[in-house]
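> below is the structure, and that's it, no one-letter string:
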């Protein structure tokens, strides 16, 4: 197998890992909206916690994209 083809396949597999955080963010924000709708007085606490969880989930996606770029550009 040609090295260029192997790099593209590896990058594609690394990008598949972005699906998990995407689904996780959708579930997270759906639950945040639901929780605020049920208890509007706790909106500030819920939003603050949601932003922290958003950052943690998004870090996984950024890591996966970083690995994809690594496979394309840094692997010789």
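Sure thing, it's come through. Keep in mind the model is a prediction, meaning the values are calculated, not measured. Numbering: from 1, shown residues only.

> other SSEs contacting the helix ranked longest in the chain?
Using DSSP state H, we find that the single longest helix of the chain is helix 43-69. Helices and strands touching helix 43-69, by 3 or more C-beta pairs under 8 Å, 6 or more residues apart in numbering; DSSP states H and E, are helix 3-16, helix 19-38. For the C-beta atoms, the positions are set from N, CA and C on the backbone; glycine is no exception.

> so which of those helices is nearest residue 76?
For the helices and strands packed on helix 43-69, proximity to residue 76 was assessed by C-beta to C-beta; helix 3-16 is nearest, at 7.9 Å.

> what are the buried residues along that closest one?
For helix 3-16, the neighbour count (16 or more other C-beta atoms under 10 Å) marks 7, 10, 11, 14, 15 as buried.

> let's have those residues in a markdown table, adding distance to residue 31.
Formatted as a markdown table, these follow (distance: C-beta to C-beta, whole Å):
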| residue | distance to residue 31 |
| --- | --- |
| 7 | 38 |
| 10 | 34 |
| 11 | 32 |
| 14 | 28 |
| 15 | 26 |
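
> contacts for stretch 43-54?
Here stretch 43-54 makes contact (C-beta atoms under 8 Å, 6 or more residues apart in numbering) with 25, 28, 29, 32, 35, 36, 39.

> now for the fifth one, how many residues are close by?
Counted with other C-beta atoms under 10 Å, residues neighbouring residue 35 total 17.

> equivalent analysis for the first one, please.
By other C-beta under 10 Å, 15 other residues sit near residue 25.

> number of residues surrounding the residue nearest to it when sequence neighbours are not counted?
Nearest residue to residue 25, sequence neighbours excluded (C-beta to C-beta, 6 or more residues apart in numbering): residue 57, at 5.6 Å. Neighbours of residue 57 under the rule other C-beta under 10 Å: 17.

> same question, the one 5 residues further on
Residue neighbour count, defined by other C-beta under 10 Å, stands at 11 for residue 62.
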